[in-house]
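> requesting a structural model of the entry that follows:
(chains A and B)
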Amino acid sequence: MNRIDNCFANLKENGQKAFIPFVTAGDPDLGTTVELVRAMTGAGADIIELGVPYSEPLADGPVIQKAVQRSLERGTTLAKILEAVTIIRKTEQVPLVLMSYYNPILQYGLDNFVQHAVEAGVDGVIVPDLPVEECPPLFSRALEKGLYLIQLVAPTTTEARLKKIARFSRGFIYCVSVTGVTGVREETNNQIANLTSRVRQVTSLPVGIGFGVSAPAQAAQIARHCDAVIAGSVLVKIIENNSDNAVSMVAGLVADFKSALSG
Amino acid sequence: MMSIPDERGYFGDYGGRFVPETLMPALEELSESYRLAKKDKEFNHRFKYYLHQYVGRPSPLYFACGLTRHCGGAQIYLKREDLNHTGAHKINNTIGQLLLAGRMGKTRVIAETGAGQHGVATATAAALFGFQCSVYMGEEDVHRQALNVFRMRLLGAEVITVKSGSRTLKDAMNEAIRDWVTNVENTYYCIGSVAGPHPYPEMVRDFQAVIGIEAREQILEHTGRLPDYVIACVGGGSNAMGIFYPFLQDKEVKLIGVEAAGHGLESGRHCATLSRGKPGVLQGSYSYVLQDEHGQVLPVHSISAGLDYPGVGPEHSYLKDINRVVYTSAEDGEAVKAFQLLCRTDGIIPALESAHALAEAVKLAPQLPPESIIIVNLSGRGDKDVNTMAKMVGAKV
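Below is the predicted model:
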């Protein structure tokens, strides 16, 4: 059984919501990423998303763009990220999801990517520029090896598309809370409830909400409409601002998020 | 005409739609609106009306007697897109797309621009049809093309300087896509090339095909036969697709696309995507891309801001693979020489982009007999490039 399914099954049994932190892998280096994953797991992260840096991050706001640049300057590659995952897996059982634009995966080779990701211990993959129409080559290969392709839906997604997307998604459905790029936003969008209820009509998969999640209290509000809350930019900003104690500070905020969701 | 692309936007292996889900419904809506508009008499009538009365079409097909005499071989004809309103072929496409945006009820348009020609053309059509307009332009290009930045502002457009990445055309396009993802409800994204997700490559080609349709009629009228060669520069590839497309079925007509070789193909400082790239996904479509083994896009260079792009339209990738079009390249220095040459031989100041196509013609013409005919797409005029040229020759303006 995929670790993502286990995670949601356990949380459901205990009436809990998942908190999913995102960091860009290799920001500022892969050694720190390994430490971050361990610390965030210790702080209560239920699933962890690792961003694969790509030179053209067109779905990302300025915070992640800068993280991607820092990571690429250190020579981070998909192959090196998979090595880091192998190291993480020696001690951690937290479900790991890679978030990568399509081209790095395509150039790595779809068959190799799926094979190596599964061997390293990756549980799922999110590809923000791979809409459902273009996903079958990756989806079918991933499914065969037990790697989950997690699909995104947006407030603009039509009913017809929702149905199709649900058929091609595994693990959970990632709801983009706003029309926009990644980044911290103050206001909680009132479209969220509408989107998640539309999603629940077409799938029994857990529903996660991300993009614009900025603070634990806001996450608790959002969590009323879903099974998982995803936060990235607010954590990545800590890494940008604190070169010395980023790991413990990120872990501290992850603990705050988790406790807000459990409250 | 070949009935490509297919319904998913593929030209052979190339094209498709690789964008965030947020944009997919907008692309579906755009495809449907365009499909209906294409069949609509009123839409086609308005498009033709503005091309004729506003852009000044048809543009002449001029026999370049000076250049022909200089080269001493084939007869060289120039398709004078530089004589269009705003000074380049870009206006053909922006008139078409903004008429469509109006039909779709959009109130705001955005665009990316490299040399500024597409930005000016979008700002112009936005002023004409009453749209709010924002144009994204890389910081490096804002400096290189200061004149066009001011033209856009005069036309009422907001010019947004893009400081991310390499600060050129591709980064302007990333930023325009981010704007579109955020404001998709009221905003129309007017892409300036035959690149991006389906239906843009097909739609932009169709709006630009007027270049080739006219050129084909005009050469038949002037000479009673089809040309031996049609030559155009290729960055994203819209002027080239526009002139090539109506000749694709004429197997005897050889088509040559000229990419920018910058400091040379071996220097690593060029943007010859089809010559040196490999297939990958960039900015919404699968096509040739200048990238490293990890799929990261490589820095590119050309003296011409309009060609300074690491990707190329998917239909060009297809035409390369099926060998219908030959893609070659010209270095910065060759383009500069061709630029200066045409100024002197025929009294025409060409855009540096178009000068790449001229450079190929200058190489080719002397090898051909005098009865041969070459058409070069003179896609734009060079007024915008005089500062760059002055710097090259060490003159003060």
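> what about the closest residue to chain B within the stretch 51-200 of chain A, helix or strand, and which?
The stretch 51-200 of chain A approaches chain B most closely through A:Gln107 (3.4 Å), counting by C-beta to the nearest C-beta. In this view, the C-beta of every residue, glycine as well, is placed from N, C-alpha and C. Using DSSP states H and E, the element containing A:Gln107 is helix A:102-108.
> ok, now A:Ala160?
Under the criterion of DSSP H and E, A:Ala160 resides in helix A:159-167.
> near chain B at all, that helix?
Yes. Helix A:159-167 is in contact with chain B by C-beta under 8 Å from any C-beta of the partner chain, via A:161, A:165.
> contacts for that helix?
If you take C-beta atoms under 8 Å, 6 or more residues apart in numbering or on different chains as the criterion, helix A:159-167 is touched by A:132, A:151, A:153, A:157, A:173, A:198-199, A:202-203, A:205, B:21, B:24-25.
> got it, and stretch A:256-263?
So stretch A:256-263 is contacted by A:16-19, A:21, A:43-46, A:216-217, A:219-220, A:223, A:229, A:231 (C-beta under 8 Å, 6+ apart).
> what subset of those residues is buried?
A:16-19, A:21, A:43-46, A:216, A:219-220, A:223, A:229, A:231 (16 or more other C-beta atoms under 10 Å in any protein chain shown).
> rewinding a little: just checking, which of the contacts of helix A:159-167 belong to helices?
A:198-199, A:202, B:24-25 (DSSP state H).
> tell me the two of the contacts of helix A:159-167 that are most distant?
Maximum pairwise distance among those (C-beta to C-beta): 21.0 Å, between A:Leu205 and B:Pro25.
> these two: who's more crowded?
A:Leu205 (21 against 17; other C-beta atoms under 10 Å in any protein chain shown).
> residues contacting the more buried one?
Contacts of A:Leu205 (C-beta under 8 Å, 6+ apart): A:166, A:169-173.
> just to revisit the earlier point, so what touches the next helix or strand after the helix holding A:Gln107?
Once the chain leaves helix A:102-108, the next helix or strand it forms, by DSSP H and E, is helix A:110-120. Contact with helix A:110-120 is made by A:78-79, A:82-83, A:85-86, A:89, A:98, A:105, A:108, A:125, A:137-138, A:141-142, A:144-147, as judged by C-beta under 8 Å, 6+ apart.
> what are the buried residues along the lengthiest helix in chain A?
Counting residues, the longest helix found in chain A (DSSP H) is helix A:246-262. Across helix A:246-262, burial judged by 16+ other C-beta under 10 Å covers A:246-247, A:249-251, A:253-258, A:260-261.
> now pLDDT and distance to B:Asp332 too, for these, in a markdown table please.
Below are these laid out as a markdown table (pLDDT from 0 to 100; distance: C-beta to C-beta, whole Å):
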| residue | pLDDT | distance to B:Asp332 |
| --- | --- | --- |
| A:Ala246 | 96 | 44 |
| A:Val247 | 98 | 48 |
| A:Met249 | 98 | 49 |
| A:Val250 | 98 | 47 |
| A:Ala251 | 98 | 52 |
| A:Leu253 | 98 | 50 |
| A:Val254 | 98 | 51 |
| A:Ala255 | 98 | 56 |
| A:Asp256 | 98 | 55 |
| A:Phe257 | 98 | 53 |
| A:Lys258 | 98 | 56 |
| A:Ala260 | 97 | 57 |
| A:Leu261 | 96 | 57 |
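> how about the strands in chain A?
A:18-24, A:48-52, A:96-100, A:124-126, A:148-149, A:152-153, A:173-176, A:207-210, A:228-231 (DSSP state E).
> of those, which approaches B:Arg324 most closely?
Go through the strands of chain A one by one with C-beta to C-beta and the one that ends up closest to B:Arg324 is strand A:96-100, at 34.5 Å.
> for that closest one, packing partners?
Contacts defined by 3 or more C-beta pairs under 8 Å, 6 or more residues apart in numbering or on different chains; DSSP states H and E place strand A:96-100 against strand A:48-52, helix A:78-89, strand A:124-126.
> residues in contact with the longest one: which ones?
Taking contacts as C-beta under 8 Å, 6+ apart, the residues outside helix A:78-89 that touch it are A:25-26, A:30, A:33-34, A:37-38, A:50, A:52, A:96, A:98, A:100, A:104-105, A:108, A:113, A:116-117, A:119-122, B:294.
> again with the shortest one
Taking C-beta under 8 Å, 6+ apart as the criterion, the residues outside strand A:124-126 that touch it are A:2, A:4, A:49, A:95-100, A:105, A:117, A:138, A:142, A:147-152, A:170-171, A:174.
> quick one, which of the residues you listed are buried?
By neighbour count, with 16+ other C-beta under 10 Å, the contacts of strand A:124-126 hold A:4, A:49, A:95-100, A:105, A:117, A:138, A:142, A:147-152, A:170-171, A:174 as buried.
> residue ranges with poor pLDDT in the stretch 101-250 of chain A?
Applying pLDDT under 70 to the stretch 101-250 of chain A picks out residues A:186-189.
> how about 50 then?
Applying pLDDT under 50 to the stretch 101-250 of chain A flags no residue at all.
> how about the residues of it by chain B?
Residues of the stretch 101-250 of chain A lying near chain B by C-beta under 8 Å from any C-beta: A:101-108, A:128-134, A:151-158, A:161, A:165, A:176, A:179-181.
> what comes up buried for stretch B:93-108?
Within stretch B:93-108, the residues that count as buried by 16+ other C-beta under 10 Å are B:93-103, B:106, B:108.
> kindly report the same for stretch B:153-167.
For stretch B:153-167, a neighbour-count test (16+ other C-beta under 10 Å) marks B:155, B:157, B:159-162, B:164-167 as buried.
> for stretch B:334-354, same thing?
For stretch B:334-354, by 16+ other C-beta under 10 Å, it's B:334-342, B:345-346, B:348-354.
> return the subset of these lying in helices.
Filtering those for helices - DSSP H - leaves B:334-342, B:345-346, B:352-354.
> hmm, which two among these are most spread apart?
Pairwise distances across these (C-beta to C-beta) peak at 18.9 Å, for the pair B:Thr345 and B:Glu353.
> what's the neighbour count on residue 67?
Went with chain A since none was named. 28.
> oops, wrong one, chain B.
Residues near B:Leu67, counting by other C-beta under 10 Å, number 25.
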